[in-house]
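K.L.:
3D, please:
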Amino acid sequence: MTGISPAISQKFHPKYHPRPIFAALFRSLTQAFLDIAFYLLHYMIDTVLFDMDGLLLDTEPLWGESMLRVARKHGIPITRERFKETTGLRIYEVTDYWSVKFPWEGSSPVEVADEILDDIITTSKEKGSVLKGVKKALALLKAHHYKIGLASSSPYRMIDELVSHFDIKHYFEAIHSADRAELGKPHPAVFLDCAAELGASPLQCAVLEDSVNGMIAGKAARMKVIVVPDALHFDDPRFALADAKLGSMEDFDLGVLNRL
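P.N.:
Below is the predicted model:
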C-alpha cells in the first residue's frame, strides 16, 4: 500500500480488525441465550400435581376409622398396629391381603372394600375439611396459568365425590386415581398418566405429597417433589429425598416452585 505508513496499513488489515472478534462474541452470546431458552421451555415447572388424602383434605386418619369399623362388622381381626403391613396398597389390594391373612366367612374382599369406601366417603363428608392453605395455593396456581392435576391412590369414586363436596374440583384440569393405573404408589404410573393428560413432560412437573410412598412415586416419575408431611412424620429421614419440604400448605408460594 504505497504512500500509507506500515502502522496505518496494519490497523486496517482484516487480521487486526475487531469485527471478527465481536462476531464470535455475538455468536457465543446468542447460543447461550438459546440454551437458556431451551432449558426454560423444556424444564421450567409449568404443571403441579397434588395428592389428596392428608395433603388437600384431612381425611388420612379417617381411613383407619372406616377400615376398623367395617373389619369388626365382618369379624376380621385387624388392628391399627397391623395397618403398616398394607401401607401404600390400594383399598381393594388391602382387603385381598386381609382375605389371605385373616380369612372370614360371608362377604367377598371386593364387597368389604366397597363397604369401606362407602364408609370413608360418608365419614369424610361429616368430619373432614380442606386443609389450611390449600384453596389459596390452588387459586394462586390457577391465577398464574399453571396446569393443575390431582393424582391419588384413593378410588376415583371417592376422589370425585370429595373434591365436589368440598368445592375444589374446578381447580383441576385432570384427575387420576391409582385404582385405574396398572400399579399404585410408589409406582409412578398415576403421576405419569395425569401428566400425559395435561400434555406435560414429567420434567416440567412438580408433585406435592404428604407420604413417603407418594414422594418415591413422584421421584420415580422424574418429577420435582415437594413434601408436606404431618407433624408426626415430619422428621422422617426418608423425606431427605424430596426437593423441598414444607410445614403446611400455608407455606406454599410460587417461590417454592421457582427454587426447584
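K.L.:
The closest residue to residue 166 other than its chain neighbours - how many residues pack around it?
P.N.:
Spatial nearest neighbour of residue 166, excluding adjacent residues (C-beta to C-beta, 6 or more residues apart in numbering): residue 130 at 5.1 Å. Quick note: C-beta positions are derived from backbone N, CA and C, even for glycine. As a burial measure, residue 130 scores 17 neighbours (other C-beta atoms under 10 Å).
K.L.:
Can you give me the distance of residue 130 to residue 47?
P.N.:
22 Å (C-beta to C-beta, to the nearest Å).
K.L.:
okay, residue 23: pLDDT?
P.N.:
You'll see residue 23 listed with a pLDDT of 62.
K.L.:
and what of the one 4 residues further on?
P.N.:
Residue-level confidence at residue 27 comes out at 66, pLDDT.
K.L.:
now do residue 158
P.N.:
For residue 158, the pLDDT comes out at 96.
K.L.:
May I have the secondary structure class of it?
P.N.:
helix (DSSP: H, G, I helix; E, B strand; the rest coil).
K.L.:
My guess is residue 62 contacts residue 122. True?
P.N.:
No - here residue 62 lies out of contact with residue 122, judged by C-beta atoms under 8 Å, at a distance of 9.9 Å.
K.L.:
out of those two, which sits in the busier spot?
P.N.:
Shown here are residue 62 and residue 122; by other C-beta under 10 Å, residue 62 has more neighbours (20 against 13).
K.L.:
Then that one would be within a helix, right?
P.N.:
Yes - Residue 62 forms part of a helix when assessed by three-state DSSP.
K.L.:
which ones are touching the closest residue to it other than its chain neighbours?
P.N.:
Nearest residue to residue 62, sequence neighbours excluded (C-beta to C-beta, 6+ apart): residue 123, at 5.0 Å. Taking C-beta atoms under 8 Å, 6 or more residues apart in numbering, we find residue 123 in contact with 62, 65-66.
K.L.:
Which helix or which strand is home to residue 123?
P.N.:
helix 109-127 (DSSP states H and E).
K.L.:
which residues of the stretch 1-150 of the chain score low on pLDDT?
P.N.:
Flagging of the stretch 1-150 of the chain using pLDDT under 70 yields the residue ranges 1-43.
K.L.:
ranges for the strands of it?
P.N.:
Along the stretch 1-150 of the chain, the segments classed as strands by DSSP state E, counting those that start in this stretch run 47-50, 147-152.
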